[in-house]
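>>> sequence unavailable; structure follows:
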Ligand SMILES: Cc1ncc(COP(=O)(O)O)c(C=O)c1O
C-alpha cells in the first residue's frame, strides 16, 4: 500500500455526511412564518417556542435567544453584574469570543491553562488564577466534552464567583447525567453555521435563576423590563433579539438534535477506542463524568516524536486519504495580536499599560496548538464503518510514517 499523498489509492473515496441537515420540517416552519407576516421576535411564536424547548432540553427553566454566541456571553456577564476591571477566568484554548466577550463587558480576561489530556480548563490552574478581583469563571465544554464542573462549582462557591458555561460546542451533552447548560449559573450556546445546532447565526443564554433570566431578557431587549411600558428603558443595552426565521429553522433542527447527538456520541466513542492504541496519538480523554459527549469536534493530540511523523505531515496525509481535517487554532489566545497589542477600543483604558498577556503562562494550551488534529462533527453523523475507515487511514499513515520525513 502506498500513501495517497504519494499516488496510492485513498482509504476513503465516498464523501462524509454534509452539513447542515434539513428537510420538510424546516421548510414547513419557514413557509408558515413567511406567510404569517410575523417575522420578528416581538410578533411571532417561533423564537418563544424554541427558547422554551431548548432550555427544557438543557435542564433549565429559562432561555433568552440572541443574535449569536458572542453576544450571549457578554449579556450573561452583564446580567451577573460584572463591573469595570473585574477579572474573569477563561481558557486560552478556545475561540476568541470566550475572552473577547469579557473585554466587551469592560472586564479583564485572565487565562488559566487547560488539561493536557481532556483539553478542558484545569481547575488547579483556575484556582491559582483567582485574585480578590475575580468575579466569574467561563469554562468551555471544549469540542463538546463537559468541563470538570464539580471542581469548578466548588471553586465558584468558595470564592463567590459566577460560573458561566460556554457551551457553544456542547448542545445536548451531559455531565453526571445532568444536561450541560444547567451546571453553572448561566450557560451560553451558539447556533453559528458550523455548530451542532444551527440557523446560520444565533445564540441563547439558559439559566434556572429567574432574576438572571429577567436581567438577560432586559439586556436582550433594549433595557425594557417585564410589565414595563413600551418606551421605557432601564439599563444600557441594545437590540439583540433573534428573528422568527431563525427561530423556525432552530425548532426544526431541535427535532433532530437528540438523534444526531446520540449518533455522534456513539461514533466518537468508537473512533476514540480504535485510535488510542496507536503510539503518540491521544484522543481527547473522556472522564466517566462525561455521560454524553456532543463531539462538535473529534480532537486528538499527536506527539510527533512518539508517532514518528509531524502533525502537519499527518494532516496532509489524512486529507489525501479522503479524511477532511485541520490543525485547529494556530496559537493560544494569549498570543493573539488582539491581546498582545491590547487593541481594546474604548474598553479597559486605565488598565492597558499594566496588562501583559505575553507573561501569561499556558504551556499545555501552547503545546496542544502545535499538536492538535480536529475532525469536524459531520464526519461522525454516519456509520461505525465510517469510523473504521478514519481509523484505517490513521493506521495506514502510522505504518508509512517514515515516508513523511521532512513534511
Ligand atoms: C467556544 C466558543 N464560544 C463562543 C463562540 C461564539 O459564537 P458565535 O460565533 O455564535 O458568536 C464560538 C464560535 O465559534 C465558540 O467556538
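Everything's here; your move. Nothing here was measured: the structure is a model prediction, and the numbers come from that model.

>>> where do the strands of the stretch 51-200 of the chain begin and end?
62-66, 87-90, 108-111, 134-137, 162-166, 174-175, 178-179, 186-190 (DSSP state E, counting those that start in this stretch).

>>> for the stretch 201-350 of the chain, same thing?
Using DSSP E, counting those that start in this stretch, strands in the stretch 201-350 of the chain cover 203-207, 281-283, 290-292, 297-302.

>>> can you tell which of these is closest to residue 128?
Across the strands of the stretch 201-350 of the chain, residue 128 has its closest neighbour in strand 297-302 (22.9 Å, CB to CB). Every C-beta, even on glycine, is put in place using the N, C-alpha and C of the backbone.

>>> any idea of the mean pLDDT in the closest one?
Taken as a whole, strand 297-302 has an average pLDDT of 98.

>>> repeat for stretch 183-201
98.

>>> and stretch 101-118, by the same measure?
98.

>>> is it in proximity to the ligand?
No. Figure legend: stretch 101-118 not in contact with the ligand (CB under 6 Å from any ligand atom); closest approach 7.6 Å.

>>> would you mind measuring the gap between the ends of that stretch?
24 Å (CA to CA, to the nearest Å).

>>> what about the nearest residue to residue 111 once chain neighbours are set aside, distance to the ligand?
Using CB to CB, 6 or more residues apart in numbering and skipping residues adjacent in sequence, the residue nearest residue 111 is residue 92, 4.4 Å away. As for residue 92, its distance to the ligand is 12 Å (criterion: CB to the nearest ligand atom, to the nearest Å).

>>> would you confirm that residue 92 contacts residue 334?
Yes. Assessed by CB atoms under 8 Å, residue 92 is found in contact with residue 334 at 5.0 Å.

>>> mind listing the shared neighbours of the two?
111, 360, 362, 365 (CB atoms under 8 Å, 6 or more residues apart in numbering).

>>> which among those residues count as buried?
Among these, those buried by neighbour count (16 or more other CB atoms under 10 Å) are 111, 360, 362, 365.

>>> re earlier: in the shared contacts of residue 92 and residue 334, find the pair that's most separated.
Pairwise over the shared contacts of residue 92 and residue 334, using CB to CB, the maximum falls at 360 and 365, 9.6 Å.

>>> list residues touching both of these two?
Common neighbours of residue 360 and residue 365 (CB under 8 Å, 6+ apart) are 92, 111, 334.

>>> let's have those in CSV, adding distance to residue 288.
Output for those, formatted as CSV (distance: CB to CB, whole Å):
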residue, distance to residue 288
92, 26
111, 28
334, 31
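
>>> isn't residue 109 up against residue 96?
No. Residue 109 lies out of contact with residue 96 (CB under 8 Å); the separation is 10.4 Å.

>>> the two: which is more packed in?
Using other CB atoms under 10 Å as the criterion, residue 109 and residue 96 rank with residue 109 on top: 25 against 13.

>>> for the more buried one, list the residues it contacts.
Residue 109 touches 87-88, 90, 99, 102-103, 333, 339, counting by CB under 8 Å, 6+ apart.

>>> equivalent analysis for residue 144, please.
169-171, 173, 196, 264, 293-297, 377.

>>> what's around the closest residue to the ligand within the chain, how many residues?
Closest contact between the chain and the ligand, by CB to the nearest ligand atom, is at residue 69 (2.8 Å). Counted with other CB under 10 Å, residues neighbouring residue 69 total 26.

>>> and it, its phi and psi?
phi -90, psi 0 (degrees, to the nearest 10).

>>> does the longest helix belonging to the chain reach the ligand?
Longest helix in the chain by number of residues (criterion: DSSP state H): helix 244-275. No. Judged by CB under 6 Å from any ligand atom, helix 244-275 stays clear of the ligand, getting no closer than 11.6 Å.

>>> now that helix: buried residues?
244-254, 256-257, 260-261, 263-272, 274-275.

>>> and for stretch 362-375?
362, 364-366, 368-369, 371-375.

>>> one more: stretch 278-289?
278, 280-286, 289.

>>> state the pair within the residues you listed that is farthest apart.
280 and 289 (26.6 Å).

>>> chain neighbours aside, what residue packs nearest to the residue of the chain closest to the ligand?
residue 190 (2.5 Å).

>>> near the ligand, which residues of the stretch 101-250 of the chain are found?
140, 166, 168-169, 190, 192, 203.

>>> err, the stretch 251-400 of the chain, not the other one
Residues of the stretch 251-400 of the chain lying near the ligand (CB under 6 Å from any ligand atom): none found.

>>> can you say which of the strands of the stretch 51-200 of the chain is nearest to residue 117?
Using CB to CB, the nearest of these to residue 117 is strand 174-175, at 16.8 Å.

>>> average pLDDT for that closest one?
98.

>>> packing partners of it?
strand 290-292 (3 or more CB pairs under 8 Å, 6 or more residues apart in numbering; DSSP states H and E).

>>> so what touches the strand it packs on?
Strand 290-292 is touched from outside by 145-146, 172-177, 261, 265, with contacts defined as CB under 8 Å, 6+ apart.

>>> and which of these is nearest residue 41?
residue 172 (23.9 Å).

>>> now for the closest one: which residues touch it?
Per CB under 8 Å, 6+ apart, neighbours of residue 172: 57, 179-180, 196-197, 257-258, 260-261, 292, 294.

>>> do that again at 7 Å, thanks
257-258, 261, 292, 294 (CB atoms under 7 Å, 6 or more residues apart in numbering).

>>> list the contacts for the nearest residue to residue 30 once chain neighbours are set aside?
Leaving aside its chain neighbours, residue 30 sits nearest to residue 248 (4.9 Å; criterion: CB to CB, 6+ apart). By CB under 7 Å, 6+ apart, the residues touching residue 248 are 29-30, 33, 46.
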